[in-house]
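Asker: Build me a model from this:
(one chain, ligands or ions: 1)
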Amino acid sequence: MVERKPIIVGNWKMYKTISETRTTLSALRAAVQDVDSVEIGIAPPFTSLAAAAEVLSGSNISLAAQNMHYGDAGAFTGEVSAPMLLDAGVTHAILGHSERREYFGETDDLIASKVKAALENGIVPILCVGETQVQREADETVSVVTGQLSGALSELRGADLGTLVVAYEPIWAIGTGLTATPEQAQQVHEIIRDFIGDLLGGVVAERLRIQYGGSVKPDNAAELLAQLDIDGALVGGASLDSESLSAIVHAA
Ligand code: 13P
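Answerer: Okay, the predicted model is just below:
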């Protein structure tokens, strides 16, 4: 049985100025300084990356990007590349978040290119998948999630996927206060692991860390994280506050 280190990442989305970033991360750094059994990451907006890198230097908190372009450099107005992120101290990138799929038209093909570029550059890709409320009610959860996984990963068969992280984020649970029950989440996580096993082999599947995301809070984190196939959390709203994120880390 492979030991999977839990990974908790805070996705700040489009929140926090540079000075707010400094204040929150200084407090978070102090609150989790003794933790070494959990991998911790923060994905601030791009404008705060430099300040975050400074505050987190030498700490046990990694820096993540919320998005990334697949190219190294080029005429892509408004985009940021993997080498630029590495230069800024970033080690992880959230890719294919449902908000990017929904509001910015990201397709599985585009996300596949980003995952590939992240792996080639040594950035840990956090690939997000998840169904809408309508899809869940129509019993399409499994086909939607496995479709997103094969869309983003099938090109990578045989490549070194050792660092890949998948985040299962049911869209109906994001920012709504509605959390999947631990049983609902575990059921989909197990399906994800089995599907990755079929697609990429048992070794990749056993090592794969699968985060749950969607209204994770200090009071529901422990129960979710206790599930066999839940290896961490991707936290939105509750990560904006250092105390609540630290409580989630300690729950893990
Ligand atoms: P909330 O935790 O605010 O529901 O957001 C989840 C999310 O989208 C993390 O990426």
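
Asker: packing partners for the helix ranked longest in the chain?
Answerer: The longest helix of the chain (DSSP state H) is helix 182-200. Packed against helix 182-200 by the contact rule (3 or more Cβ pairs under 8 Å, 6 or more residues apart in numbering; DSSP states H and E) you find helix 141-153, strand 165-168, helix 202-207, strand 209-213, helix 218-225. Placement of C-beta: from N, CA and C, glycine included.

Asker: Check the offset of it from the chain's centre.
Answerer: Between the centre of helix 182-200 and the centre of its chain there are 16 Å (Cα atoms, centre = their mean, to the nearest Å).

Asker: For that helix, which outside residues touch it?
Answerer: For helix 182-200, contacts defined as Cβ atoms under 8 Å, 6 or more residues apart in numbering pick out 129, 141-142, 145-146, 149-150, 153-154, 156-157, 161, 166, 168, 170, 180, 204-206, 208, 210, 212, 223-224, 226-230.

Asker: Does the ligand have contacts with that helix?
Answerer: No: under the criterion of Cβ under 6 Å from any ligand atom, helix 182-200 makes no contact with the ligand; the nearest approach is 12.8 Å.

Asker: That helix to helix 218-225, inter-axis angle?
Answerer: Relative orientation of helix 182-200 versus helix 218-225 (axes from the mean of the first three to the mean of the last three Cα atoms, to 10 degrees): 50 degrees.

Asker: mean confidence score for helix 182-200?
Answerer: Looking at helix 182-200 alone, the average pLDDT works out to 96.

Asker: quick one, that helix and helix 141-153 angle?
Answerer: Going by the same axes, to 10 degrees, helix 182-200 makes 40 degrees with helix 141-153.

Asker: buried ones in helix 182-200?
Answerer: Neighbour counts over helix 182-200 (16 or more other Cβ atoms under 10 Å) mark 182, 185-189, 191-193, 195-196, 199-200 as buried.

Asker: On the three-state scheme, the spatially closest residue to residue 61 that is not a sequence neighbour is what?
Answerer: Counting by Cβ to Cβ, 6 or more residues apart in numbering, residue 40 is the residue found nearest to residue 61 once chain neighbours are left out, at 4.8 Å. Judged by DSSP: H, G, I helix; E, B strand; the rest coil, the three-state class of residue 40 is strand.
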